[in-house]
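> Have a look; sequence and predicted model below, questions after that.
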Amino acid sequence: MRIRLRRFWDNLNSGFWFFPAALLAASALLAALTLWLDENYFEGRQPSFDFLWAGHADGARELLATVAASIITVAGVVFSILIVALALASQQFGPRLLRNFTRDRGNQLSLGVFVGTFLYCLLVLRTVRHGPGETAFVPNLSVTTAIVLTTTSLGVLIYFIHHVATAIQAENVVAVVGRELDAAIRLYFPDSARTHRNETGDADGFDFSTAAPVPARRTGYLQAIDTQALIRLAEQHDLLVRTTRRPGHFITEGTPLACVYPAAKCTPGLAQAVCDTLMVGNQRTATHDIEYSIYQLVEVAVRSMSAGINDPFTAIACVDWLGAAITQIAHRSFPPACRYDGQGRLRLILNMVDFEGIVNAALDQIREAARDDVAVSLRILEVLATIAGQAPTSEQRRILLKHARMVRAQCETAFPEEHDRAAARERYEAVMRAAGEVN
């Protein structure tokens, strides 16, 4: 249930409507509160309160109408600016990064404040009464609040212009994605003290060739696995479940998502229950897919090295952030592949990503794209040396050395200048020294 709630909240938070809609609701509640105070406490007492609006009904109507018209115009301009910023970001950084702009709290706050102020003015405007056969009513506190909200909106407009101008800068885009990757690492690898085993040796006694496959019921990306619900289901029916896909994999309807042992217990109802714990959606998310967060930086780096953009400095920044992420992962414990019930019986075996898979995801595409780029290739070797110097295990250093050898071999064949090839060899030797391969 917690995973489903987190996935639901992530979907809400990634949209561009939820936070502004919440501010709209808050504006309606504020209007109701100030109007109630006007009717029950402040009416006829404005001389005692110097800060209240002291004008007549016609002036209040004109003020509220002017503010509402102006604010909705500003909201339209803000929306237009956001659309232009999203188009530029999609073109330069990739369409998958649009999610970072739509979930940006600064953009959501700006739009929410403008439309909230507009709604507040409309709700207050309809209560102003002064004419034949009517009981005069001028909501002085509410009009004063509208003036305060208008002043706040002016400040938010200045903030929004500054925020958009800085948010689309390449360095800030890379930094935001890098910090989101850092947050995803802390969520995916919460334990940095103990060492979990990812081996599945406890399952050696089970013949999974006779297990019953559980086919996917829909096509899309596997976004999350409710492991607790899956363990409870396996314990309830006394069986062992093994997932064949992990979050981030694309699933085609009918292909096996998991297998159940023993096969005799896999009824259609049980297969449906297993599928319900494996959440499939239209796109990858960062909630349980660490590779997705890595690929966001990789996409920015690869695009920046394309002929149309040709920005190696952005690619170098991406390599730096990826290096910091790999260093952090090297010191954290991977979640266990084998999961047990309360009595210590094996109930679930997960398809898990490992350190080598993460390094491959981070560096393979960038290395290929940087084949003819001296600066980025050399920076990859420098980052590998930094990671290797801090990697705690020999297996991790072996993986890093493998990538360093591939980069060096690529440099030897792709760089026409001997000076550049010598620089690559020098940095490769630094990786070897950091990994303890050279005295």
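All right, it came through fine.

> give me every residue that touches Ile290.
184-185, 188-189, 353, 358 (Cβ atoms under 8 Å, 6 or more residues apart in numbering). Any C-beta I mention is one placed from the backbone N, CA and C, and that applies to glycine too.

> Tell me how far the residue nearest the centre of the chain lies from Pro336.
Central residue of the chain (Cα atoms, centre = their mean): Ala286, 5.4 Å from the mean position. Look at Ala286 and Pro336: by Cβ to Cβ, to the nearest Å, they are 21 Å apart.

> among the contacts of Ile290, which are in helices?
The helices, defined by DSSP state H, take in 184-185, 188, 358 from these.

> Can you tell me which of those residues has the lowest confidence score?
Least confident of the ones in helices among the contacts of Ile290 in the model: Tyr188, at 83.

> Surely that residue is in contact with His288?
Yes. With contact defined as Cβ atoms under 8 Å, Tyr188 reaches His288; the gap is 7.1 Å.

> what about these two, which has more around it?
More neighbours surround His288 than the other of Tyr188 and His288, with 23 against 20 (other Cβ atoms under 10 Å).

> How about the secondary structure of that one?
coil (DSSP: H, G, I helix; E, B strand; the rest coil).

> Let me know the pLDDT of it.
Reading off the model, His288 has pLDDT 80.

> and it, what are its phi and psi?
phi -130, psi 10 (degrees, to the nearest 10).

> my guess is it meets Ala224, correct?
Yes. Using Cβ under 8 Å, His288 is in contact with Ala224, at 4.5 Å.

> From the chain's centre, how far out is stretch 19-36? Work that out for me.
29 Å (Cα atoms, centre = their mean, to the nearest Å).

> Now do the helix or strand containing Glu395: distance to the chain's middle.
Taking DSSP states H and E as the definition, Glu395 sits inside helix 394-414. Distance of helix 394-414 from the chain centroid (Cα atoms, centre = their mean) equals 30 Å.

> which of the residues in the helix or strand just after it are buried?
Scanning forward in sequence from helix 394-414 by DSSP H and E, the next helix or strand is helix 418-434. By 16 or more other Cβ atoms under 10 Å, the buried positions in helix 418-434 come out as 420-421, 423-424, 427-432, 434.

> For helix 418-434, which helices and strands make contact with it?
Contact analysis of helix 418-434 by 3 or more Cβ pairs under 8 Å, 6 or more residues apart in numbering; DSSP states H and E lists helix 374-390, helix 394-414 as its packing neighbours.

> picking that back up, put together JSON lines for the contacts of Ile290, with distance to Gly281 on each row.
Shown next, in JSON lines, are those (distance: Cβ to Cβ, whole Å):
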{"residue": "Ala184", "distance to Gly281": "17"}
{"residue": "Ile185", "distance to Gly281": "22"}
{"residue": "Tyr188", "distance to Gly281": "18"}
{"residue": "Phe189", "distance to Gly281": "23"}
{"residue": "Val353", "distance to Gly281": "19"}
{"residue": "Ile358", "distance to Gly281": "22"}
